[in-house]
Structures are given as structure tokens and as C-alpha cells.
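[1] quick one, fold the following:
(one chain, ligands or ions: 1)
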Amino acid sequence: MLEAAKSALQKAERPVTFSGAGLSAESGVPTFRTAQSGLWAEYDPMELASPEGFAADPALVVDWYNQRRRTIAAAQPNPAHIAMALRNDMVHITQNVDDLLERAGAGDLVHLHGSINRDKCSAGCGYREIVDMADPHSLRLCPRCGHSMRPDVVWFGEQLPRVEWLRADELAAQADAFIVIGTSAQVYPAARLITTARTAGATVIVVNIEPDSAPGIHLTGPAGLIVPQLLS
Ligand code: OAD
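    Predicted structure coming up:
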């Protein structure tokens with residue numbers, strides 16, 4: 001399967017990667033849905049990653065994101081991030097909000113769900129600020145308009161950033177190889193990109209520790225081991 005995937009990639013002129021939390025798992029950043037160890041096993045996502053949850057208890061939500069920020073700040077890019085960063089012939093679409101691909105040196109990135117290393121004004125005045133991930137602010141007010149600041153990530157029930165979504169949708173429709181790395185593909189519209197790529201005729205290559213029956217070339221195993229083999 002690895003040889004088939006590598007040969008498809010060698011022929012590809014418009015390869016695109018599409019990643020989820022499994023890409024960063026070996027860096028020590030928890031995934032969402034992995035039973036027991038996942039974030040959603042411990043917390044109610046609607047309570048912490050939704051506008052309603054933030055409105056109900058903004059300090060709790062900010063503290064939870066700050067806990068994740070510190071975990072990410074202490075984490076290092078793993079060999080999969082590094083292998084992807086070296087492939088600057090590829091565009092990397094990611095659902096992840098961590099900055100590990102940036103820290104690995106990746107250039108052309110599309111963050112569909114925002115970036116945890118940024119805060120934005122919760123009232124939408126447009127004010128944004130980069131966050132010190134190792135020592136993030138607790139709940140504070142927007143210096144421009146006085147409303148609360150919040151993490152610049154997409155919450156349940158919110159729209160994806162328009163520019164990023166439109167670009168990702170176009171990339172998926174034009175890709176001739178679409179490499180799906182470490183995602184349960186359960187969250188829409190992001191997961192729809194896989195169908196878009198497949199329907200447009202791309203070879204879909206899936207890297208996941210869990211076997212999967214969807215059409216495509218499946219490379220079952222940890223991203224940190226498989227992605228460097230696939231992309232080198
Ligand atoms: P999930 O936690 O839903 O899925 C993680 C996937 O990675 C699963 O399919 C695992 O089998 C796989 N996996 C775990 N460890 C791996 C490893 N070492 N190597 C390869 N694969 C591994 O995370 P996502 O699919 O990213 O949304 O979740 C999608 C979205 O749901 C997230 O972006 C977030 C969440 O709600 C928002 O933040 C809006």
C-alpha cells in the first residue's frame with residue numbers, strides 16, 4: 001500500500017494534505033474523540049467550545065484553552081509535521097488549531113478551524129492579537145471596544161472562516177492526490193473536502209492508526225511513522 005501511495009504521489013501535480021488531531025497526537029497534544037484520552041471524553045464540547053459555553057462562563061472557557069495552549073507550547077513538532085513542512089510543493093489544509101506545522105516550518109497552510117495562538121474580540125470588532133502560548137492572558141477585555149477577548153478558533157455552531165473555506169474547497173476540487181492524515185472525518189463541512197476530492201477524481205490516501213473502509217489507499221499506523229515514509 002505504501003508503494004502504491006508513493007507512486008500515486010510521484011505522478012500527482014496538485015497534491016494536498018488534509019489533517020486532524022491525529023497529526024499532533026504523537027507530539028503529546030490530545031485528540032478530541034479518542035476514547036478516554038480524548039478531550040471530549042473529559043469535557044463537554046458544547047460547554048467549552050461554543051458561543052453559549054463562552055457566554056455562560058467566559059473565564060472557564062479561557063482557562064481551558066489556556067491549558068491547551070500550555071500543552072501545545074511544551075510540545076514539539078513530530079516527524080510528520082516536519083515531513084509535511086519539507087514538502088513546499090503541497091498545500092496543507094488542517095482542522096488543527098495548534099501551531100506545530102508552522103513551528104516545523106510549513107509555508108502554505110490553510111487553518112479551517114482557526115488558530116489557538118491568537119485571541120480575537122468576542123464582539124467581532126476585528127481586534128486580534130497573537131498570544132504567548134507558554135504564558136497566556138486569563139480572561140481580559142478587548143483594548144479597542146471593551147468586550148471580552150476569546151480564542152480565535154471556530155466553535156460548534158459557528159461558520160468557518162470564509163476565505164480559508166473557499167480556498168480549501170477549491171484545493172480539494174482540483175487536487176489529484178488528497179492525503180488525509182489523522183482525522184475521524186466526523187465534523188462538517190471540513191470532512192466534506194474528502195468527498196469533494198474523491199468525486200473530482202483525486203487519489204485519496206488515508207493515514208490513520210485505525211483501519212478505515214472508505215474508498216482510497218489506507219496506510220494504517222501512526223502519522224509520525226507513516227507520513228515521513230510517504231512524503232520523503
Ligand atoms: P478526532 O479526535 O475526532 O480524530 C482523531 C483521529 O486521529 C482519529 O481518527 C484517530 O484514529 C486518529 N489518530 C489518533 N492518533 C493518531 C496517530 N498517532 N496517527 C494517525 N492518526 C491518529 O480529531 P479530528 O478529526 O481532528 O473541531 O476532529 C475534527 C474536529 O472536531 C476538530 O477540528 C475540532 C473537533 O470538534 C473544532 O475545533 C471546530
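[2] before we move on, what's the pLDDT of the nearest residue to R70 once chain neighbours are set aside?
    Nearest residue to R70 in three dimensions, chain neighbours excluded: A134, at 6.5 Å (C-beta to C-beta, 6 or more residues apart in numbering). Every residue, glycine included, has its C-beta placed from N, CA and C. Here, the pLDDT recorded for A134 equals 96.
[3] show me what from the protein comes close to the ligand.
    Neighbours of the ligand within the chain, by C-beta under 6 Å from any ligand atom: 20-22, 25-26, 31-34, 38, 45, 49, 95, 113, 153-154, 182-184, 186-187, 207-210, 222-223.
[4] what does the least confident helix or strand in the chain by mean pLDDT rub up against?
    With mean pLDDT, DSSP states H and E as the measure, the helix or strand of the chain carrying the lowest mean pLDDT is helix 39-42 (a mean of 72). Identification of contacts with helix 39-42 by C-beta atoms under 8 Å, 6 or more residues apart in numbering yields 30-35, 45, 68.
[5] same thing but 6 Å
    Contact partners of helix 39-42, identified using C-beta atoms under 6 Å, 6 or more residues apart in numbering, comprise 30, 32-33.
[6] can you check stretch 140-157 too?
    Contacting residues not belonging to stretch 140-157 are listed as 49-51, 54, 58, 65, 97, 113-116, 118-123, 125, 127, 160 [C-beta under 6 Å, 6+ apart].
[7] what about it, average pLDDT?
    Mean per-residue pLDDT for stretch 140-157: 97.
[8] how about that stretch: buried residues?
    Within stretch 140-157, the residues that count as buried by 16 or more other C-beta atoms under 10 Å are 142, 148-155.
[9] equivalent analysis for stretch 113-131, please.
    Of the residues in stretch 113-131, 113-122, 131 count as buried by neighbour count, 16+ other C-beta under 10 Å.
[10] farthest-separated two in these?
    H113 and C121 (18.4 Å; C-beta to C-beta).
[11] who touches A106 in this structure?
    Each residue near A106 by C-beta under 6 Å, 6+ apart is listed here: 84-85, 92.
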